[in-house]
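Have a look; sequence and predicted model below, questions after that.
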Amino acid sequence: MELKSILYNARIRENIDLPALAAISRLDPTTINRVESGSVDVTLNTAMRLCNALNVTVHDVAKAMLPRVDMRRIMVSGGRPTGTISILDVEDFLKFFWSDFDKGLTFLAQMLFEVEWIAMSYLRSKQPGLENMIPFEKQEIKRMLFPSPIYLFKVRAPHITRADDYFMLFHNLGGVLTFEELGHYLKLLRKENKKALARIKQETSLSASVLSRLENGTVENIKLKTVVELDNHYAAHGTILSMYWNSTELNELLENRDEARRFTRSSFPEAEYVREITLAHMFIALCRWHQIEHGGVGDWIAPIRELWVS
């Protein structure tokens, strides 16, 4: 079954007309008409908005569009799972950070120091001066967050060497994945299957440029049919579709928060230049180190979550 049929049937079932659906999904009625008629190659973002508005889940989409689905590998985001970071954790962190900009900077400075200790501890034999590490200052964090024409600050996440680790350690636990992590996952998956980009191009309808953009973590104009075709190609039984759905939900949250915050006044004017996506990706990467340090088990994130309610 095609997406157009899924959405049309759901709209009739929910008794929602086009204007109402447009308002709920924040999409133009013309766009919705084109999706239902099948005259547009719908993006994952548009598909997700419409499905959410019509109570259609990623399970429904997978069962309708994939020849075989393993429901155990399709995770629905939501809640605060033990042992990993979820979309709700990211949202809670952003609310916490902006509720007190100064306190948020202090939190990131402490977390960066802890994570640097974790990372450097793996090199302890080569780093005899580990005990002399200098804590980060809040001013350093501010400089890292603000955009610059000459440098780009980025927190490196732990190096993952097996594709299925992204599923087992993060997605399978109900955690969130960034598009950059998904790109690395696809690259590992391709190499584990001993395939070059040129070969996947031959075996699918996907161009080399599209495949390369996905492996580089692109977030713009990802087509639903592209994700479905990749899922089919790798016989992932819904895993890839589920992962991309999750990442799209995260990106949608960040874009909406970023847009909304720019219409509000801040007691820290310079903070207006800090984007939600920059903050979120830093927080996620830092949390990855804690999760890997604990072997993907244990409720290591509980003390962090306590900050949001304290």
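Cool, got the structure.

now the helix or strand encompassing residue 186: how far from the chain's centre is it?
Counting by DSSP states H and E, the element that carries residue 186 is helix 179-192. With C-alpha atoms, centre = their mean, to the nearest Å as the basis, helix 179-192 stands 14 Å off its chain's centre.

Quick check: next helix or strand after it?
Criterion used, DSSP H and E; the element after helix 179-192 is helix 197-203.

Would you indicate which residues of the helix holding residue 186 are buried?
By 16 or more other C-beta atoms under 10 Å, the buried positions in helix 179-192 come out as 179-190. For glycine as for every other residue, the C-beta is placed from the backbone atoms N, C-alpha and C.

Contacts for that helix, please.
By C-beta atoms under 8 Å, 6 or more residues apart in numbering, the surrounding residues in contact with helix 179-192 are 157, 160-163, 166, 170, 177, 196-197, 200, 214-219, 230, 234, 240, 243-244, 247, 251, 281.

With stretch 288-308 instead?
Stretch 288-308 has contacts (C-beta under 8 Å, 6+ apart) with 80, 82-85, 89, 92-93, 95-96, 107, 114-115, 118-119, 157-158, 168-170, 173, 287.

ok, now stretch 73-87?
Residues contacting stretch 73-87 (C-beta under 8 Å, 6+ apart): 57-59, 62, 88-89, 167, 169-176, 236-239, 241-242, 246, 249-250, 253, 283-284, 287-288, 291, 294, 296-301, 305.

Check stretch 207-223 too.
Residues contacting stretch 207-223 (C-beta under 8 Å, 6+ apart): 41-45, 178-184, 186-187, 190, 197-198, 200-201, 226, 230, 244, 248, 251.

What residues sit buried inside that stretch?
Quick answer for stretch 207-223 (16+ other C-beta under 10 Å): 210-211, 213-215, 217, 219, 222-223.

Just the ones in helices from the residues you listed, please.
Under the assignment DSSP state H, the buried residues of stretch 207-223 contribute 210-211, 213-215 to helices.

Please name every helix or strand in contact with the helix or strand containing residue 50.
Under the criterion of DSSP H and E, residue 50 resides in helix 44-53. With contacts taken as 3 or more C-beta pairs under 8 Å, 6 or more residues apart in numbering; DSSP states H and E, helix 44-53 sits against helix 3-14, helix 18-25, helix 29-37, helix 58-65, helix 224-233, helix 239-261.

so which of the ones you listed comes closest to residue 141?
Residue 141 sits nearest to helix 239-261 of all these, at 18.3 Å, using C-beta to C-beta.

Figure out how far the closest one is from the centre of its chain.
Put simply, helix 239-261 sits 6 Å off its chain's centre (C-alpha atoms, centre = their mean).
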